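Visitor: what's the 3D shape of this:
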Amino acid sequence: MKYHWLLPLLSAVLNLLLGIIVIARDRRARLNRVFLGMSITLSLWNLNNFVFYVFSDPAKAMTWGTFFRVGTVLMPSTVLHLVLSLVAIRPVFARWMLVGSYGISTLLVIANFSGMLVSSVRQHPWGLYPAGTALYGFYLISAVVHCIIAFALLVLEYRTSTSPWRKLQARFWLLGAAIAIPAGLVNFLPMYGVPVYPIGHLGNAIYAAIIAYAIARHRLMDVDLVITKGMAYAAVSIALVAPTFASSLWLQQASFGQVHPDFSFALLVMLIAVGVLFPTLRVRAESRIERSLFREKHQYRTALADFTRSIVRILDRDKLLREVAETLMETLRVDRLGIVLFDEATRSYQVTHTAGIPAATGEFGEQDEFVVALRRHDELVLRDEFEASADPMERTVVADVCRRNGWDVCIPLTISGRLMGFISLGRKRNLDAFSVEDLQLLSTLAAEVSIALENARLYGELKRSRDIIERTGRLSALGTLAAGIAHEVRNPLVSIQTFFQLAPQRIHDEEFFTTFLNLTAGEVQRISNLITELLTFARSSTHAVSDVDVNELIERTTLLLEPEARKHRVTLTRTLAESLPNIRADADQIKQVVINLVLNAIQATAVGGSVVVQTRQRRHTDGLFCEIEVRDSGAGIPSQIIDEIFNPFFTTKDSGTGLGLSIAHQIAAEHGGFISVRSEEGRGSSFCVNLPYPGDSETAGRQDEEDEPLRYGRLAKG
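Guide: Okay, the predicted model is just below:
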């Protein structure tokens with residue numbers, strides 16, 4: 001039985017499959033199409049050797065070999081073509097190189113069908129093999145030159161490319177070439193009488209696999225890691241397979257007096273296949289058996305693993321502790337649970353959350369022996385380990401704390417070497433022991449809980465900082481408004497003062513008292529309204545979400561802004577949509593957004609200009625929104641800075657905090673909305689605050705169907 005034909009046949013099939021896989025990912029990519037062409041020529045090259053191995057009739061082998069040898073002849077050109085498709089080289093040079101290469105290959109193909117490349121066949125231990133002519137020697141020199149040029153281009157690409165991904169891709173190609181070129185050249189030696197087994201089939205299959213990986217994958221492993229893994233895998237395989245295979249050869253010799261090559265080769269293939277498939281099949285079989293026979297354990301371990309992966313998204317500390325406690329109690333079914341965390345104020349570890357039977361100890365000092373022992377271990381520990389410890393303190397004092405509180409497992413929570421606290425678990429209700437798998441999952445969970453607690457702490461600090469920034473922006477706007485209102489209050493005071501000055505002289509004038517008294521009362525009421533709105537705006541936001549009538553909010557807010565507009569001699573008007581539904585929002589925060597935008601608009605508008613505040617409903621791709629537009633006739637925003645206007649502390653004014661638009665951006669985002677901007681230099685700007693309606697929006701009125709502006713936020717730019 002001949003078996004040598006298996007290697008070239010498998011290599012041919014593998015090359016073709018790799019070409020199909022790569023072209024299926026992107027048929028339009030030039031690199032993928034050229035790779036498919038190279039894969040076809042490599043497949044034909046392997047089939048050329050296959051027919052010589054599988055046929056014993058030289059004439060039949062020569063006939064089929066002439067046909068498949070087309071791939072052998074074209075292979076150097078397709079390899080060069082593929083490299084030229086990757087590297088950055090002048091198109092005119094690449095074009096002339098390809099014209100010359102394919103021109104030589106075409107002449108050699110004609111010579112092949114004319115019988116000028118192969119003169120005869122020779123018998124070798126592995127089967128028939130062609131014998132080359134002098135012209136075949138020219139082809140061989142041409143193939144070597146092609147390989148050298150391709151290798152040099154890859155080296156040049158690796159050294160000159162400024163793209164990290166392309167440099168890594170070039171390294172993979174160089175790795176494939178370093179394997180394929182020496183192995184491929186070995187295939188030519190038997191044609192000239194050198195009795196070397198041709199291993200080029202294996203080499204070109206590995207080469208095609210590496211190139212396909214480098215083309216198809218956008219997330220490439222480091223080449224050093226690939227080489228390390230490959231060498232380690234090969235070394236382990238040899239260490240395991242070689243003794244077994246050698247033993248089989250010895251047994252054949254001892255039992256039958258000879259070694260059967262076909263049987264030995266088949267056994268070697270099976271051993272390699274078992275070595276490759278065993279790890280994957282073992283994991284799958286283990287998972288299936290656990291799901292079938294131990295369904296409950298599999299389910300709770302899966303649930304615990306899923307919770308571990310999702311826990312870092314919880315940023316509220318109380319919710320995090322509650323979720324951890326509920327999940328552990330439900331999955332592990334323990335009789336008690338305690339979460340102990342470090343309290344900065346008291347410099348002690350406090351029992352923050354409990355479930356099941358409460359703990360006997362509610363507080364531990366920072367240098368308590370139990371805490372010191374956990375800090376020293378820095379990993380999950382069992383009560384049995386404390387009781388069996390060689391340390392007398394752990395064996396008595398620490399173990400006694402566990403017994404007194406009914407804790408079987410203590411899981412330290414550490415971040416950057418600092419003990420944040422620990423989770424303590426009682427025994428399982430069914431009295432099952434904690435298995436190795438349970439402890440591994442709990443250790444992983446502890447690491448994620450530690451990160452989540454730190455994230456929750458940082459998020460709390462960020463939120464407090466954001467509140468401070470929002471308060472700063474509010475005070476900045478308040479200062480601007482107060483100056484305008486002070487100017488506005490002066491005029492009504494003049495009227496009131498005039499009334500009191502004339503009152504003694506015209507005390508009997510009924511018309512005077514009636515007219516001026518009403519006028520004075522109106523001015524007083526106007527001052528009162530302005531001061532009320534100012535004080536309301538000055539109060540710290542309570543962040544209370546409620547139903548908000550946007551039109552009413554705009555009327556009250558523009559009342560507060562009218563003095564500033566008159567001070568700058570700018571016309572402030574409002575255009576409010578009829579029957580505008582309420583939104584769910586924090587009224588104080590939305591008022592702050594409007595004030596910030598209108599103040600910016602007033603300050604950007606020249607004397608005699610106008611600022612318009614308009615409300616409407618607008619349909620966007622993700623639902624129905626209430627839109628508040630602030631439009632001015634000012635100078636507009638330069639295109640080169642429009643990307644930066646929402647950045648904190650960015651300002652073009654001589655005086656200003658640069659926080660107004662940043663705060664508006666943040667408030668809109670927190671309400672699930674966005675701010676869009678349209679601006680043209682010399683023709684003004686338009687800022688649109690879009691806030692979503694709650695629930696179903698089918699009851700809303702007519703929608704504005706204008707083109708959507710680009711968004712900032714969820715948010716974008718326009």
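Visitor: which one is residue 75 nearest to, not counting chain neighbours?
Guide: Take residue 75 and drop its neighbours on the chain: the residue closest to it by C-beta to C-beta, 6 or more residues apart in numbering is residue 41, 4.4 Å away. C-beta here means a position set from N, CA and C on the backbone, and glycine is covered the same way.
Visitor: Just give me the neighbour total for that neighbour.
Guide: 24 (other C-beta atoms under 10 Å).
Visitor: which residues does it contact?
Guide: When contacts are counted by C-beta atoms under 8 Å, 6 or more residues apart in numbering, residue 41 touches 71-72, 74-75, 78.
Visitor: where along the stretch 1-150 of the chain do the helices fall?
Guide: 6-25, 30-54, 58-86, 91-113, 134-160 (DSSP state H, counting those that start in this stretch).
Visitor: Low-confidence bits of the stretch 101-250 of the chain, can you list those?
Guide: 218-223, 225-226 (pLDDT under 70).
Visitor: repeat that for 80
Guide: Within the stretch 101-250 of the chain, the ranges that satisfy pLDDT under 80 run 126, 163-165, 192-193, 216-238, 240.
Visitor: now do the stretch 401-550 of the chain
Guide: 416, 435, 437, 458-544.
Visitor: quick one: residue 431 is in a helix?
Guide: No: remark: residue 431 does not belong to a helix; assigned using DSSP: H, G, I helix; E, B strand; the rest coil, it is coil.
Visitor: How many residues are close by it?
Guide: 6.
Visitor: Same check on residue 250?
Guide: 11.
Visitor: With residue 253 instead?
Guide: Around residue 253 there are 11 other residues, counting by other C-beta under 10 Å.
Visitor: Residue 66 now?
Guide: 18.
Visitor: now residue 318
Guide: 11.
Visitor: tell me which element it falls in.
Guide: helix 317-332 (DSSP states H and E).
Visitor: next structured bit after that helix?
Guide: The C-terminal neighbour of helix 317-332 among helices and strands, as given by DSSP H and E, is strand 336-343.
Visitor: and that following strand, which strands flank it?
Guide: Partners of strand 336-343 in the sheet, by DSSP bridges, are strand 348-356 (antiparallel), strand 418-425 (antiparallel).
Visitor: where's that strand relative to the chain centroid, distance-wise?
Guide: 33 Å (C-alpha atoms, centre = their mean, to the nearest Å).
Visitor: which other residues reach that strand?
Guide: 321, 324-325, 328-329, 348-359, 364, 366, 405-407, 413, 419-426, 453.
Visitor: and the angle for it with helix 317-332?
Guide: Counting by axes from the mean of the first three to the mean of the last three C-alpha atoms, to 10 degrees, strand 336-343 points 150 degrees away from the direction of helix 317-332.
Visitor: Count the residues that sit near residue 436.
Guide: Considering only other C-beta under 10 Å, residue 436 is surrounded by 7 other residues.
Visitor: can you confirm residue 399 is in a helix?
Guide: Yes: applying three-state DSSP, one finds residue 399 inside a helix.
Visitor: pretty sure residue 30 contacts residue 85?
Guide: Yes: with contact defined as C-beta atoms under 8 Å, residue 30 counts as touching residue 85 (5.7 Å).
Visitor: Would you mind measuring from residue 390 to residue 32?
Guide: 64 Å (C-beta to C-beta, to the nearest Å).
Visitor: do residue 347 as well
Guide: Distance from residue 347 to residue 32, by C-beta to C-beta: 64 Å.
Visitor: Neighbour count: those two, which is higher?
Guide: residue 32 (20 against 10).
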